[in-house]
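Engineer: What follows is a predicted structure for the sequence shown.
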Amino acid sequence: MFYWMLLVLAIIFEVSGTLSMKWSTVSGSASGFYIMLIMIACSYLSLSIAIKKIALGVAYAMWEGVGIILISLFSLWLFDESLSTAKFIGLILLISGIALIKIGTCSDDTQSKEVTS
């Protein structure tokens, strides 16, 4: 459970860092870039620890996929960006892909445990 919490933290750090980069660009303030550097560094650190116990493919897919989904939603809310039909379909496909990777990894883990028993 600890490693999954680290993955959630990595996602939160990534989303915060990316949004602060956009905020800095919009506001003209350089402080957002410093926040971005810290948040992205924390994100990579948390992710690197999380992959000790979470399959790399699953962790990376969730880190990037959930991050993209959250960044897209927050961009709609904070920066009045648009969500076209194509973007919406892409996000749905992304969610489906993450779910399939997670399901595939769970079934691989079950099969490998049966083989080693």
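Structural biologist: Arrived safely.

Engineer: Pop out the phi and psi values for Leu93.
Structural biologist: Backbone geometry at Leu93, expressed as degrees, to the nearest 10, gives phi -60, psi -40.

Engineer: Same check on the one 5 residues further on?
Structural biologist: Backbone dihedrals for Ile98, given as degrees, to the nearest 10, come out at phi -60, psi -40.

Engineer: Could you list which residues are in contact with the closest residue to it other than its chain neighbours?
Structural biologist: With sequence-adjacent residues excluded and distances taken as C-beta to C-beta, 6 or more residues apart in numbering, Ile98 is closest to Gly65, at 4.4 Å. For every residue, glycine as well, the C-beta is placed using N, CA and C. Gly65 makes contact with 94-95, 97-98 under the criterion C-beta atoms under 8 Å, 6 or more residues apart in numbering.

Engineer: If you rank the residues you listed by neighbours, which is first?
Structural biologist: Ile98 (19 neighbours; other C-beta atoms under 10 Å).

Engineer: State the distance from that one to Tyr44.
Structural biologist: Separation of Ile98 from Tyr44 (C-beta to C-beta, to the nearest Å): 19 Å.

Engineer: So what touches stretch 11-18?
Structural biologist: Contacts for stretch 11-18 (C-beta under 8 Å, 6+ apart): 35-40, 42-43, 46, 62-63, 66-67, 70-71, 74.

Engineer: ok, now with 7 Å
Structural biologist: Defining contact as C-beta atoms under 7 Å, 6 or more residues apart in numbering, one finds that stretch 11-18 is touched by 36, 39-40, 42-43, 46, 63, 66-67, 70-71, 74.

Engineer: just the helices in the protein please.
Structural biologist: Using DSSP state H, the helices of the chain run over residues 2-27, 31-50, 56-79, 85-116.

Engineer: okay, these in TSV with mean pLDDT next?
Structural biologist: Shown next, in TSV, are the helices of the chain (pLDDT from 0 to 100):
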stretch	mean pLDDT
helix 2-27	94
helix 31-50	95
helix 56-79	91
helix 85-116	79
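
Engineer: Export stretch 52-62 to CSV, keeping only CA atoms.
Structural biologist: Only the C-alpha atoms of stretch 52-62 are listed here, as CSV (Å, rounded to 0.1, in the frame of the first residue of the first chain):
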residue,chain,number,x,y,z
LYS,A,52,10.3,-1.0,-6.5
LYS,A,53,7.1,-2.9,-5.8
ILE,A,54,4.7,-1.8,-8.6
ALA,A,55,5.3,-3.1,-12.1
LEU,A,56,7.0,-0.5,-14.2
GLY,A,57,4.5,-0.5,-17.0
VAL,A,58,1.6,-0.1,-14.6
ALA,A,59,3.3,2.6,-12.6
TYR,A,60,4.4,4.6,-15.6
ALA,A,61,1.0,4.2,-17.4
MET,A,62,-0.8,5.4,-14.3
